[in-house]
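[1] Dropping the sequence and predicted coords here.
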Amino acid sequence: MSDSKPSNSIFSQKLDRAAFTAYFLGAIVPLIALAFVVERYVLPSDSDGGLAPHLTALVASIALLSGSAFLVLRQITRRSLRKMDQDNHRLAALLAVSGSLSKAEHGRDAALTAVRSALAISEARAAFVLAPGEKGGAPGLLVSAGPGAENLHESLAGELGEVAELVMRDGRPALTGAGKGISACAAIPLPGDSTPLGALLVIQTEAGRGFDAAQMDALSTLAGLAAVSLRNADLHESQRNFFTHVTDILVTALDSHLGYHSGHGLNVAAAANRLGRALGFDETRLQRLHFAALLHDIGMLRLDSALQHDSKLCAKHTLLGSRMLGRIRLWQDLAPIVHHHHEWFDGRGYPDGIAGEAIPLEARIIALCDAFDSMTSATSYKPARPLATVVRELEACAGTQFDPVLVERFVAMITAGELGPSSAD
């Protein structure tokens, strides 16, 4: 941290005034009183004048000593305030970064947040996160921050790699001088369950600048927060990987089970994604829409494939699908969408007969895309309809089966060539 004036200057000025007031009342006023007593009562009784120089010197010495004590106290107070301000700044930075790290979805995002925060905490030139090398190889650069940080790492790759390897092996922070114009290098391991996840390296290049104990403590705390975020991000990535591959397996199984309409889930998901993006869905909502569209007919797996054309029996697939998904935590938020994707906008659909805005928007989107793909795709029992015929059918059903606003937007996308049979992202 720099030695500039603390940001809490108003508090500092108030403290200065309070200190001066205390000094004035506790030292100046008694000193004036002493001088008055000496002049009024002591000096008149000193007929030969021998005491006057000594008493004057005594009063002056007391005044000098008290003034010096005040200046020393004032300087100590200012240093304490500066140190307090620096500690508060580091604490605020750590509190802010803890929130950001807790929201990081990917390991790289967590590491990037960590290096940027390391610069804010230490006012250093550059910061890096190095990840362990594969099969015992040298640690590799994951992310960096700071002006010219990548070039700096390139010129010091060997030295920084050795420092990172050292702290990861020992499992404790190290403070070294890296040479080549580097004033100091602070290296802190990112603790893992059994072995470190990497190392946080922070570099000072200005001559004479280093890292004090408070900065090292703050950087160690930051490394701990970053390590937790990295582990959580890895867990989330594993969950997403599982989610994606299991979904793919189920969609493949559903295609095989249906037989007559292969690729239906993928086609509906592709069209729903395009419409969702056009409506301004964020990535989280788009992901939910995508997987709900892929799995909207998952309940058909619970029905005998020989009875797929029994309309009364097939109507149960929305209930069966929502129950299947609702029991799985990763898919619980998909269940209401799957449950309602055959509701009609005018309330004549199933299973609950709800209407209009009461139907989840994602379910209304899937209903439209489901019908679109069914009409534009050839199956084992019917040919594909011409696109112009499909558009007229969708417009005719706007306000009854489908949300009229969605139909208008959907038809506009078809007309613009953004959507067509078997649309793909």
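    Great, that's in hand. Numbers count the residues shown, from 1 in each chain.

[2] Could you list the residues in contact with the helix or strand harbouring Ala412?
    Using DSSP states H and E, the secondary-structure element containing Ala412 is helix 404-415. Contacts made with helix 404-415 from outside it, assessed by C-beta atoms under 8 Å, 6 or more residues apart in numbering, are listed as 274-275, 278-279, 345, 364-365, 368, 372, 387, 391, 394-395, 397-398, 419-420. To be clear about C-beta, it is placed using only N, CA and C from the backbone, and glycine gets the same treatment.

[3] filter those residues to the buried ones?
    Neighbour counting over those (16 or more other C-beta atoms under 10 Å) leaves 274-275, 345, 364-365, 368, 372, 387, 391, 394, 397-398, 419 as the buried ones.

[4] mind putting those in a markdown table, distance to Pro139, pLDDT and secondary structure included?
    Supplementary listing: the buried ones among the contacts of helix 404-415 in a markdown table, determined by distance: C-beta to C-beta, whole Å; pLDDT from 0 to 100; DSSP: H, G, I helix; E, B strand; the rest coil:
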| residue | distance to Pro139 | pLDDT | secondary structure |
| --- | --- | --- | --- |
| Arg274 | 43 | 95 | helix |
| Leu275 | 46 | 96 | helix |
| Phe345 | 58 | 97 | coil |
| Arg364 | 51 | 98 | helix |
| Ile365 | 47 | 98 | helix |
| Leu368 | 51 | 97 | helix |
| Phe372 | 52 | 95 | helix |
| Leu387 | 56 | 92 | helix |
| Val391 | 58 | 95 | helix |
| Leu394 | 57 | 96 | helix |
| Cys397 | 61 | 97 | coil |
| Ala398 | 60 | 97 | strand |
| Leu419 | 48 | 85 | coil |
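
[5] What is the nearest of the residues you listed to Asp255?
    Distance to Asp255 across these (C-beta to C-beta) is lowest for Phe372, with 18.1 Å.

[6] Excluding chain neighbours, what is closest to that closest one?
    If the residues on either side of it in the chain are set aside, Phe372 comes closest to Ala271, at 6.1 Å by C-beta to C-beta, 6 or more residues apart in numbering.

[7] Tell me how many other residues crowd that neighbour.
    By other C-beta atoms under 10 Å, 30 other residues sit near Ala271.

[8] And the pLDDT for it?
    In the prediction, the pLDDT value recorded for Ala271 is 96.

[9] cool, and the one 10 residues further on?
    Per-residue confidence (pLDDT) for Phe281: 96.

[10] From His290, how far off is it?
    Separation of Phe281 from His290 (C-beta to C-beta, to the nearest Å) stands at 10 Å.

[11] next one: Val405
    In terms of C-beta to C-beta, Val405 sits 21 Å off from His290.

[12] out of those two, which sits in the busier spot?
    Each of Val405 and His290 had its neighbours counted (other C-beta under 10 Å), and the higher figure belongs to His290 (21 against 13).

[13] So which residues make contact with the helix or strand where that one lies?
    Per DSSP H and E: His290 is located in helix 283-294. By C-beta under 8 Å, 6+ apart, the list of residues contacting helix 283-294 from outside reads 243, 247, 251, 265-266, 268-269, 272-273, 276-277, 281, 331, 333-334, 337-338, 341, 362-363, 365-366, 369.

[14] Can you tell me which of the residues you listed are buried?
    Buried members of those, counted by 16+ other C-beta under 10 Å: 247, 251, 265-266, 268-269, 272-273, 276, 281, 331, 334, 337-338, 341, 362-363, 365-366, 369.

[15] Restricted to helices, list those residues.
    Secondary structure defined by DSSP state H assigns 247, 251, 265-266, 268-269, 272-273, 276, 337-338, 362-363, 365-366, 369 of these to helices.

[16] Out of the residues you listed, the closest to Leu71 would be?
    So of those, ranked by how close each gets to Leu71 (C-beta to C-beta), first place is Gly276, at 69.0 Å.

[17] so how far is Ala293 from that closest one?
    Here the criterion is C-beta to C-beta. By it, Gly276 lies 9 Å from Ala293.

[18] Tell me the residues that contact both of these two, please.
    Residues touching both Gly276 and Ala293 (C-beta under 8 Å, 6+ apart) are Ile365.

[19] Return the set of buried residues in the helix holding His290.
    286, 288-294.

[20] Output those in JSON lines, with pLDDT and distance to Gly259 appended to each entry.
    Conversion of the buried residues of helix 283-294 to JSON lines gives the following (pLDDT from 0 to 100; distance: C-beta to C-beta, whole Å):
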{"residue": "Leu286", "pLDDT": "95", "distance to Gly259": "30"}
{"residue": "Arg288", "pLDDT": "94", "distance to Gly259": "28"}
{"residue": "Leu289", "pLDDT": "97", "distance to Gly259": "26"}
{"residue": "His290", "pLDDT": "95", "distance to Gly259": "24"}
{"residue": "Phe291", "pLDDT": "94", "distance to Gly259": "23"}
{"residue": "Ala292", "pLDDT": "95", "distance to Gly259": "23"}
{"residue": "Ala293", "pLDDT": "95", "distance to Gly259": "20"}
{"residue": "Leu294", "pLDDT": "94", "distance to Gly259": "18"}
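
[21] Mind putting those residues into a markdown table with distance to Thr221?
    Listed next are these as a markdown table, based on distance: C-beta to C-beta, whole Å:
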| residue | distance to Thr221 |
| --- | --- |
| Leu286 | 36 |
| Arg288 | 35 |
| Leu289 | 39 |
| His290 | 38 |
| Phe291 | 37 |
| Ala292 | 41 |
| Ala293 | 44 |
| Leu294 | 42 |
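
[22] Among those residues, find me the one that's closest to Arg169.
    Sorting the buried residues of helix 283-294 by distance to Arg169 puts Phe291 at the head of the list, at 42.4 Å, by C-beta to C-beta.

[23] Just the strands from the stretch 151-300 of the chain, written as ranges.
    174-176, 184-190, 198-204 (DSSP state E, counting those that start in this stretch).

[24] Let me see the mean pLDDT of the first one.
    What that stands for is strand 174-176. Averaged over strand 174-176, pLDDT sits at 86.

[25] try stretch 326-336
    For stretch 326-336, the mean confidence score works out to 91.

[26] Contacts for that stretch next, please.
    Residues outside stretch 326-336 that contact it (C-beta under 8 Å, 6+ apart): 239, 242-243, 288, 291-292, 295, 321-323, 325, 360, 363.

[27] Now flag whichever of those is closest to Leu230.
    Once C-beta to C-beta is applied, the member of these that ends up nearest Leu230 is Gln239, at 15.0 Å.

[28] Name all residues that make contact with that closest one.
    By C-beta under 8 Å, 6+ apart, Gln239 lies in contact with Leu330.
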